[in-house]
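Okay, sequence plus prediction incoming.
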Amino acid sequence: MSRPRTRLLVSVSTPAEALLAAEAGADLIDAKDPSAGPLGALTPETVTGIVSAVRANASFADRLVTAVIGDHRDADAALVAADRIAATGVDMVKVGLYPELDRPALVAALGRRLAGRTRLVAVLLADHGLDLSLVVRIADAGFAGVMIDTMGKGDGLLTITGLDTLAGFIGHARSHGLMTGLAGSLKVADIDRLVPLGPDLIGFRGGLCEGGDRTRPLDPERVRAAAAGLGALVATAASTGAAATSRHAAE
Ligand SMILES: O=C[C@H](O)COP(=O)(O)O
């Protein structure tokens with residue numbers, strides 16, 4: 001059976017940006033305040049506004065809304081923030097597992113508290129190496145997914161993590177039943193290298209903003225280019241699959 005295609009996640013900071021991103025082809029609308037840090041949170045009111053804006057438009061019925069809880073290095077603060085964001089009605093709540101935290105304990109606590117109420121997505125920060133032993137704990141705690149992002153928004157995920165490591169991460173997480181995602185100062189041109197690894201989603205902010213600056217507004221042309229890039233790879237994969245099927249049928 002073929003896997004679902006890789007979907008495009010775009011981080012937005014206002015309801016207007018959410019609609020712009022959805023209109024331009026984003027599959028997942030990710031509520032985030034880029035000026036407040038790598039995983040900076042918006043207020044619950046703004047997140048609710050984003051959820052309402054997307055859900056009010058029938059042509060965006062297939063889009064999911066996700067939100068981050070903020071850059072917390074304190075487990076109690078992270079739990080409170082996760083509760084608040086889950087209450088906004090987003091489809092998924094993304095939680096950064098910063099190295100300063102007791103990550104296994106936080107993952108277990110989040111799972112107990114929220115896994116029955118929302119889909120939790122753990123975010124591993126690649127800057128200081130990836131601890132893949134967390135993946136099994138994330139799965140056991142009832143999370144829906146795990147993704148990689150970066151803390152330092154510099155030259156991007158691909159300058160600090162090799163494709164082999166990313167492929168290993170995706171295979172490992174998938175073997176534990178988790179949805180997988182890749183992000184971290186990605187550029188539209190990175191799509192060609194990342195999609196063949198088979199992540200369920202790839203996430204962008206800075207690379208789709210005016211001037212490549214994540215604190216500036218989204219550039220609809222860049223969002224369209226990313227959506228088109230993903231679409232083209234899907235079409236190629238589908239025609240390669242169809243050709244293989246007809247070759248097989250002719251043999
Ligand atoms: O979750 C996706 C992120 O918002 C990525 O942000 P970035 O592309 O600026 O690193």
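That came in fine, so what should we check first? Numbering: from 1, shown residues only.

Please name the residues that touch the residue in the stretch 1-150 of the chain positioned nearest to the ligand.
For the stretch 1-150 of the chain, the residue closest to the ligand is Ser11, as judged by C-beta to the nearest ligand atom, at 3.3 Å. The C-beta positions use only the backbone N, C-alpha and C, and glycine is treated the same way. Contacts for Ser11 (C-beta atoms under 8 Å, 6 or more residues apart in numbering) come out as 30-32, 34, 203-205, 214.

Compare those residues and tell me which is most surrounded.
The most crowded member of the contacts of Ser11, judged by other C-beta atoms under 10 Å, is Ala31 (30 neighbours).

ok, for it, nearest residue in space, not its chain neighbours?
Spatial nearest neighbour of Ala31, excluding adjacent residues (C-beta to C-beta, 6 or more residues apart in numbering): Ala67 at 3.9 Å.

do Gly25 as well
Nearest non-adjacent residue to Gly25, counting by C-beta to C-beta, 6+ apart: Ala227, 2.7 Å away.

As TSV, the contacts of Ser11 with secondary structure and pLDDT would be great.
Shown next, in TSV, are the contacts of Ser11 (DSSP: H, G, I helix; E, B strand; the rest coil; pLDDT from 0 to 100):
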residue	secondary structure	pLDDT
Asp30	strand	98
Ala31	strand	98
Lys32	coil	98
Pro34	helix	96
Gly203	strand	98
Phe204	strand	98
Arg205	coil	97
Arg214	coil	94
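
any weak-confidence spans in the stretch 101-250 of the chain?
For the stretch 101-250 of the chain, the stretches with pLDDT under 70 are 234-235, 237-250.

Let's see that with 90 instead.
128-129, 152-155, 231-250 (pLDDT under 90).

Quick one: the helices in it, in order.
Secondary structure of the stretch 101-250 of the chain by DSSP state H, counting those that start in this stretch: the helices cover 103-114, 134-140, 157-160, 163-175, 191-194, 220-250.
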